[in-house]
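A.B. asks: could you look at this predicted model? Sequence included:
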Protein chains: 2
Amino acid sequence: MKIFRAVAISVLSLAAVTAAAQNFKPEDQIKHRQASMSLIARSNGALNSMVRGDVPFNKEVAGKHADVIANLAAWVGPSFGPGTDKGALTKADPKIWTEGDKWKAALDKLVTETGKLPAASADLATLTTQFAEVGKTCKFCHDNYRMRDFRY
Amino acid sequence: MKIFRAVAISVLSLAAVTAAAQNFKPEDQIKHRQASMSLIARSNGALNSMVRGDVPFNKEVAGKHADVIANLAAWVGPSFGPGTDKGALTKADPKIWTEGDKWKAALDKLVTETGKLPAASADLATLTTQFAEVGKTCKFCHDNYRMRDFRY
């Protein structure tokens, strides 16, 4: 029951966020999604360093990076709104705007898996497991929907 | 007692985040802080529209914008680390790196006030009040520490 309610709330709120994001001009949506990706990459790199053992695990820092990722991931999809396939330099593949269902399923997975990251960052073992799940959702879209070079 | 504990945790975690942020190269810190500011501005604008009554208040959307602001605000200070006064185009005033205590007090205020925003976004009246408090902390640094033009 609780799970159903959580999913229902998550879908509702994604719809609301989508509507809100689409109030922004296309070039601003492109700028926002690139800024989001840049900060998600920073936090992803910081968590990766802990998971690999390059820096000591720190619950406080991991939690803050996980929060940033979970919060910004919710805006990734909504900032690929209608009309934002061009208008500024972008690596976004035009398929995003034609493969509606496949793209939407990938975004839902991103939001679901990143949403589990803050709780998972309480210890290194659960962080490591969930970080790998998040990584798969990143990789799926980067492999399928990110072009190698910028285009107008 | 609870308040003291919350403040203690907040100070501890800011120190840890600061140490973590300073692992990034200066030009990356500059890029990160500009990306953070851009997304804070987006979310600030969205909340401002609700506070002004230009768009209907929506608790879900307001909460998500408040979360983004609160999470990214914690990284603003740490991304102005030593050696990031130059190295890429920036509007940051060099005073930031000489007025240590005044700057640090301003950052603490930013983190404290933005930290209250998610809970305050539950209804329009409390959001309006807290949004004004957050605005003062933004304005203080923009008036005192942001230059009009980019410089190297």
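C.D. replies: Structure's in. What do you need? Residues are numbered from 1 along each chain as shown, chains lettered A, B, ... in the order given.
A.B. asks: where do the strands sit along chain A?
C.D. replies: With DSSP state E as the criterion, chain A has strands at A:90-92, A:146-151.
A.B. asks: mind listing what's buried in the shortest one?
C.D. replies: Using 16 or more other C-beta atoms under 10 Å in any protein chain shown as the test for burial, strand A:90-92 gives A:T90, A:A92. Heads up, the C-betas are built off the backbone N, CA and C, glycines and all.
A.B. asks: now the strands of chain A in a markdown table, with mean pLDDT and distance to A:G77?
C.D. replies: Output for these, formatted as a markdown table (pLDDT from 0 to 100; distance: least, C-beta to C-beta, whole Å):
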| stretch | mean pLDDT | distance to A:G77 |
| --- | --- | --- |
| strand A:90-92 | 94 | 12 |
| strand A:146-151 | 91 | 14 |
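A.B. asks: okay, which residue is most central for chain A?
C.D. replies: A:A73 (2.9 Å; C-alpha atoms, centre = their mean).
A.B. asks: could you measure from that one over to A:K109?
C.D. replies: 10 Å (C-beta to C-beta, to the nearest Å).
A.B. asks: residue ranges with poor pLDDT in chain A?
C.D. replies: Applying pLDDT under 70 to chain A flags residues A:1-22.
A.B. asks: flag every residue of it that's near chain B.
C.D. replies: Within chain A, the positions near chain B by C-beta under 8 Å from any C-beta of the partner chain are A:12-13, A:16-17, A:19-20, A:23-24, A:28, A:31-32, A:35-36, A:38-39, A:42, A:46, A:49, A:55, A:58, A:60-61, A:64-65, A:67-68, A:71-72, A:74-75.
A.B. asks: pretty sure A:A35 contacts B:I40?
C.D. replies: No: here A:A35 does not reach B:I40: they are 9.9 Å apart, not a contact under C-beta atoms under 8 Å.
A.B. asks: CA atoms of stretch A:51-63 as PDB?
C.D. replies: As requested, the backbone C-alpha atoms of stretch A:51-63 are provided in PDB (Å, rounded to 0.1, in the frame of the first residue of the first chain):
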ATOM      1  CA  VAL A  51      33.000   3.800  -3.800                       C
ATOM      2  CA  ARG A  52      36.400   3.100  -5.400                       C
ATOM      3  CA  GLY A  53      38.200   3.800  -2.100                       C
ATOM      4  CA  ASP A  54      40.200   6.700  -3.500                       C
ATOM      5  CA  VAL A  55      38.900   8.900  -0.700                       C
ATOM      6  CA  PRO A  56      37.600   7.700   2.700                       C
ATOM      7  CA  PHE A  57      33.800   7.200   3.000                       C
ATOM      8  CA  ASN A  58      32.200  10.100   4.700                       C
ATOM      9  CA  LYS A  59      28.500   9.800   5.400                       C
ATOM     10  CA  GLU A  60      27.800  13.500   5.700                       C
ATOM     11  CA  VAL A  61      29.400  14.300   2.300                       C
ATOM     12  CA  ALA A  62      28.000  11.300   0.600                       C
ATOM     13  CA  GLY A  63      24.500  12.300   1.800                       C
END
